[in-house]
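Trainee: 3D model of this:
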Amino acid sequence: MAHERQHDDVRHNWFTEILGNALNDLAHAERVITSYAAQQPDGFIAWGMAEGEAVQAHQALRQAPSLRAVPPADHTDLASTADALFDLARTISQNLVRAAELAADPDDKMACLQAALHAGRLRDTLR
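Mentor: As a prediction, this is how the structure comes out:
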């Protein structure tokens, strides 16, 4: 019984760590994309779809009941932005699918899967 409880605790801690990291990464992606869109004359045309998916992924994940939001760190490195955002979106999507597999609460599972869907779409718009 004690071993099972420890396993559940480890699983929950890993799950909440993945959620927190994904939430921070999505917030970061959203800020960078919005910044790029605002800096270019046709920025909202070029970055609009990516921005929308980043926002939707972030909002979907925030619906997870187990999530404790931590404000993301501010990072403004603009070099290779699209490639970095593509890699970030791919990692976020993979981690959210992993988190959905670990989720015990069906609402957490749904929030993770919806956010993963939007993160995947974000990745696709950045190709």
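Trainee: Could you name the helices and strands sitting against the worst-scoring helix or strand of the chain on mean pLDDT?
Mentor: When the helices and strands of the chain are compared on mean pLDDT, DSSP states H and E, helix 2-39 comes out lowest with a mean of 86. Using 3 or more C-beta pairs under 8 Å, 6 or more residues apart in numbering; DSSP states H and E, the elements in contact with helix 2-39 are helix 43-61, helix 81-102, helix 106-125. Glycine gets a C-beta too; all of them are placed from N, C-alpha and C.
Trainee: Tell me which of those lies nearest to residue 14.
Mentor: helix 81-102 (6.4 Å; C-beta to C-beta).
Trainee: Quick check: which ranges of this structure have low pLDDT?
Mentor: 1, 3, 68-81 (pLDDT under 70).
Trainee: Can you report how many residues neighbour residue 59?
Mentor: Counted with other C-beta atoms under 10 Å, residues neighbouring residue 59 total 15.
Trainee: Could you do the one 4 residues further on as well?
Mentor: Residue neighbour count, defined by other C-beta under 10 Å, stands at 14 for residue 63.
Trainee: likewise the one 3 residues further on?
Mentor: A count of neighbours around residue 66, defined by other C-beta under 10 Å, yields 17.
Trainee: contacting residues for it?
Mentor: Contact partners of residue 66, counting by C-beta atoms under 8 Å, 6 or more residues apart in numbering, are 12, 15-16, 19, 103, 105, 108.
Trainee: Repeat the analysis, applying 6 Å as the threshold.
Mentor: The contact partners of residue 66, by C-beta atoms under 6 Å, 6 or more residues apart in numbering, come to 16, 108.
Trainee: This completes my enquiry, with thanks.
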